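Visitor: below is the sequence, then the predicted model.
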Amino acid sequence: MIKLYDYLLSVNCYKQRLLLSILDVPYERVDIDFYPGWEHKGAEFRKINPLGHIPVIDDDGYVLWDAHAILVYLASKYDPTGSWYPVSDPRRLGEVASWMLFAEGTTNTASAARLHVSLDYDFDLEACQAGAHRLFRVLDEHLWFQEQQGQEWVASGESPTVADIALFPDVALSEDGGISRLDYPALRRWTERVQRLPGFIDMPGIFPVAKAPA
Amino acid sequence: MTAPEPGSLLHPVASCADLVPRHVVKARLLGQDLAVWRADDGFINVWADRCIHRGVRLTVAANDGAELVCPYHGWRYSNRSGNCAYMPAHPSDAPPRRLRVPAFRSEERYGLIWSGGSPEAEPPRLPHLEADDTLVLRALPVNVPPDLALQGLHECSYQLGPAAGDAASISCDSAGPFAVAVTARTGSTEEIVVHFVQPVDGGRCVIRPVMRGTPAAGRRLSILRHHARQLEELRARLESSAGSRVTVRGPSTALEPLPRPSTTAASGRAPQLEVSVARKWLTAEGIAAFELAPMSGQLPSFQPGAHVDVHLPNGLVRQYSLTNGPGLTSVYRLGVKLEPDSRGGSRCMHDSVHEGDTLQLSEPHNNFPLRRDAARTVLIAGGIGVTPLLAMAQTLERQELAYELHYFAQSDDHLAFGEVLEPLSTGLVKHLGLSPDQTADEIEKITHDYGAASHLYVCGPGPMIEATRAIAGGSGWPDDAVHFEYFKNESELHDTSTFEVRLARTGRTLMVGAGISLLDSLRDAGVDMPSSCEQGVCGTCMATVLEGQLDHQDVFFNDSERAAGNQMLTCVSRAAGERIVLDL
């Protein structure tokens, strides 16, 4: 069974739990004392991941770190429909790769601001917030134009991809880092669509949404 | 000419397309945070973004199509009125009517939602645009004060031309105090875009461009992209030139929420609402249905089980339960059975009240509140007694809470509100054409296995309620799990006793003589007691008793409440001894 080195309040760990839940893949959690114990920075954990960060998965001895890389691996291996990581469609795959790189940016700004506010990480809060707003403007515009074309997800196509999973928690928890979503109505509609996906699970700080009308 | 105060105008707060189903839009106008949502009936609510309980933002609440549900303690707020409809921590109580989220104006025009505090103001009507033929372009939030954005739009209008418009001549004019219209002419074609500026607060605004007319489908997307690009360039210029010079000022005028629905305070038995009969139809054999619409504003909200007093044209006052489910807030829907021995109430409703007539009502009262935390909810309806239970069943259905609705009636033709019953199929059990004994047998089967946290609600003819209470009691249902509402008090009333009443708060003492009710005696002495049915059914005229034995003659209290002896209905009940003391 997949072993996930996990922490409840980490957005990057939550991305893995969310995809595993949607794909209905069983896994075992190994709780890391991220805060206040800094266990992921300790000598023991660095034997698993020398970079000292989580999440890490161990799938029958195959060890992989880096949140967005793990999403790619899990979707490629465990999604029989091939829609979450669309390797058979080069254009969509290119878009997915592009937005996954964009998600590195939202993680390093919006989610970094959240880590600073709630878990004492030493980041420049104002710079993180300003950077997140710059990216959110771009993403909101992109999603607004997607809606204008009848598209619901970050990459084109009928169904969501790992790019949606990679971006979702950075956006949905941004207010924990003092980043208001007042200016991003299309982003707020998109987070609700993600929350209505079958198999969706939440994490602390994400509020439930009403069911879609029948 | 001095510019009008921003607070005296309506401003756009969202585009209509932003209000997707079951969503709550976050907006801000003149420093006021707003939660904007569309209910399933199409009504757009613009509310203060704050749960009145603990201040949680309502933009994180769930829009269930009829109510917003706060994620913190589950308080539910009704479409249209903003009244609190249910508090899960007080499952057996109807929330006080004064619990209400402040609501603001909501109007639709040019594809935008307009709001503000002024009760009189209207969204602008511009010669540049036609109300029902516009293309709403992408709105852009800008971190500069509204006046700088308006100035920037005027100065840079020459750069806001059409996509294929190299030869365009561009002019701009002020389209009211918060909008700039840009007109581009190329040969014989003309493109008009009005840029409305939503004043967010002292330091921010949203530019909301609306284009006149509908472009060909093939050009739509390129037009949207072109204007979004141009406006982004303008934003970049505005924000960089404003830079650190922008000092965020507070709004000069705060938004005033709308007043509460116009009702007078509950006093005596006076009506509080004026409604018109919007629709009247025969919903079953001998049962007329009515939809009553407000003459102005919104109807006060209500909870399942509530009733209103209807002040009839012939001077009588009658109580009728609201059958509305949680989605129906634009009208009150009643069902009235023609009683063969009518004392004038049901006859008048059937024969003399017509569509278009005006009626006077009380605000809704709820003496039959529904808990939504039960492990099992059993609703037992006899005939027209289905009316409050229909409201309950629809509420439970909507919240996906399990229930059984046992509907006892003479035949299929006697089943009222078939269109409401139809979608309830899973919870509905019909019992048709049974004799009283057969009915008792069925009720025995329904109630024989009492389990913890089960609740039973029964409404129907008096003997059926009596039988149900007795049968359920015999099967172990405690008094506080059996909820009932009578239509009328069929017991013989005695008013021959004479007694003394001391009013503990005011220190006064009065005598109640034979032939006069305690309620009337209190009113004669100047005590303002609300009342409704005045026959010991509805509970409106209840008083707290501090001392003295009581002669209960109502059908409102259950046996335990009677035995406790600390409350009485002043319309029919009296002192058993010579003296009582009331907390009045």
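Guide: Structure's in. What do you need?
Visitor: what about the residue nearest to the spatial centre of chain B, distance to chain A?
Guide: For chain B, residue B:301 is the residue whose C-alpha lies nearest the centre (C-alpha atoms, centre = their mean; 3.2 Å). Counting by C-beta to the nearest C-beta, to the nearest Å, the gap between residue B:301 and chain A amounts to 19 Å. Where you see a C-beta, it was placed from the backbone N, CA and C, and this is true even at glycine.
Visitor: what's the answer for residue B:451, then?
Guide: Counting by C-beta to the nearest C-beta, the separation of residue B:451 from chain A is 28 Å.
Visitor: so how many other residues sit close to the nearest residue to residue B:86 once chain neighbours are set aside?
Guide: Closest residue to residue B:86 apart from its sequence neighbours, by C-beta to C-beta, 6 or more residues apart in numbering or on different chains: residue B:76 at 4.5 Å. Around residue B:76 sit 25 other residues, with neighbours defined as other C-beta atoms under 10 Å in any protein chain shown.
Visitor: could you do residue B:47 as well?
Guide: 26.
Visitor: what does residue A:149 give?
Guide: If we define neighbours as other C-beta under 10 Å, then residue A:149 has 10 of them.
Visitor: identify the residue nearest it in space, chain neighbours excluded?
Guide: Closest residue to residue A:149 apart from its sequence neighbours, by C-beta to C-beta, 6+ apart: residue B:221 at 6.8 Å.
Visitor: list the beta-bridge partners for residue B:189.
Guide: With beta bridges defined as DSSP bridges, residue B:189 has these partners: residue B:186.
Visitor: contacting residues for the closest residue to chain A within the stretch 451-584 of chain B?
Guide: Using C-beta to the nearest C-beta, the closest approach of the stretch 451-584 of chain B to chain A is made by residue B:453 at 23.8 Å. By C-beta atoms under 8 Å, 6 or more residues apart in numbering or on different chains, residue B:453 lies in contact with B:373-376.
Visitor: any chance of CSV for those, columns secondary structure?
Guide: Formatted as CSV, the contacts of residue B:453 follow (DSSP: H, G, I helix; E, B strand; the rest coil):
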residue, secondary structure
B:373, coil
B:374, coil
B:375, coil
B:376, strand
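Visitor: of those, closest to chain A?
Guide: residue B:373 (18.0 Å).
Visitor: surely that closest one meets residue B:89?
Guide: No: at 9.5 Å, residue B:373 does not count as touching residue B:89 under the criterion of C-beta atoms under 8 Å.
Visitor: using PDB, write down the CA coordinates of stretch A:96-109.
Guide: Coordinates of each C-alpha in stretch A:96-109 appear next as PDB, following Å, rounded to 0.1, in the frame of the first residue of the first chain:
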ATOM      1  CA  VAL A  96      -1.300  20.900 -17.500                       C
ATOM      2  CA  ALA A  97       2.500  21.200 -17.300                       C
ATOM      3  CA  SER A  98       2.300  24.900 -17.700                       C
ATOM      4  CA  TRP A  99      -0.300  25.400 -14.900                       C
ATOM      5  CA  MET A 100       1.600  22.900 -12.700                       C
ATOM      6  CA  LEU A 101       4.600  25.300 -12.900                       C
ATOM      7  CA  PHE A 102       2.300  28.200 -12.300                       C
ATOM      8  CA  ALA A 103       1.100  26.300  -9.100                       C
ATOM      9  CA  GLU A 104       4.700  26.300  -7.900                       C
ATOM     10  CA  GLY A 105       4.300  30.100  -7.900                       C
ATOM     11  CA  THR A 106       1.000  30.100  -6.000                       C
ATOM     12  CA  THR A 107       2.500  27.700  -3.400                       C
ATOM     13  CA  ASN A 108       5.500  29.900  -3.000                       C
ATOM     14  CA  THR A 109       3.400  33.000  -2.500                       C
END
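Visitor: what's in contact with that stretch?
Guide: With C-beta under 8 Å, 6+ apart, stretch A:96-109 has contacts from A:11-12, A:67-68, A:71-72, A:85-86, A:128-129, A:131-132, A:134-136, A:138-139, A:154-155, A:161-163, A:166-167, A:170-171.
Visitor: which residues in chain A form strands?
Guide: With DSSP state E, the ranges of strands along chain A come out as A:2-6, A:27-31, A:56-59, A:62-65.
Visitor: ditto for the stretch 151-300 of chain B
Guide: For the stretch 151-300 of chain B, applying DSSP state E, counting those that start in this stretch gives strands covering B:169-174, B:179-186, B:189-201, B:204-212, B:273-284, B:287-294.
Visitor: quick one: the residue nearest the centre of chain A from chain B, how far?
Guide: Taking C-alpha atoms, centre = their mean, the centroid of chain A lies closest to residue A:166, which sits 3.1 Å from it. Going from residue A:166 to chain B by C-beta to the nearest C-beta gives 23 Å.
Visitor: quick check, the lengthiest helix in chain A touching chain B?
Guide: Counting by DSSP state H, the longest helix found in chain A is helix A:125-148. Yes: between helix A:125-148 and chain B, judged by C-beta under 8 Å from any C-beta of the partner chain, the touching residues are A:141, A:144-145, A:148.
Visitor: in that helix, which residues are buried?
Guide: Neighbour-count burial for helix A:125-148 flags A:128-129, A:131-133, A:135-137, A:139-148 (criterion: 16 or more other C-beta atoms under 10 Å in any protein chain shown).
Visitor: likewise stretch B:431-443?
Guide: Neighbour-count burial for stretch B:431-443 [16+ other C-beta under 10 Å]: B:431, B:439-440, B:442-443.
Visitor: can you check stretch B:443-451 too?
Guide: For stretch B:443-451, by 16+ other C-beta under 10 Å, it's B:443, B:446-447, B:450.
Visitor: same list, those, but as JSON lines with secondary structure and pLDDT please.
Guide: Converted to JSON lines, the buried residues of stretch B:443-451 look like this (DSSP: H, G, I helix; E, B strand; the rest coil; pLDDT from 0 to 100):
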{"residue": "B:443", "secondary structure": "helix", "pLDDT": "96"}
{"residue": "B:446", "secondary structure": "helix", "pLDDT": "96"}
{"residue": "B:447", "secondary structure": "helix", "pLDDT": "95"}
{"residue": "B:450", "secondary structure": "coil", "pLDDT": "94"}
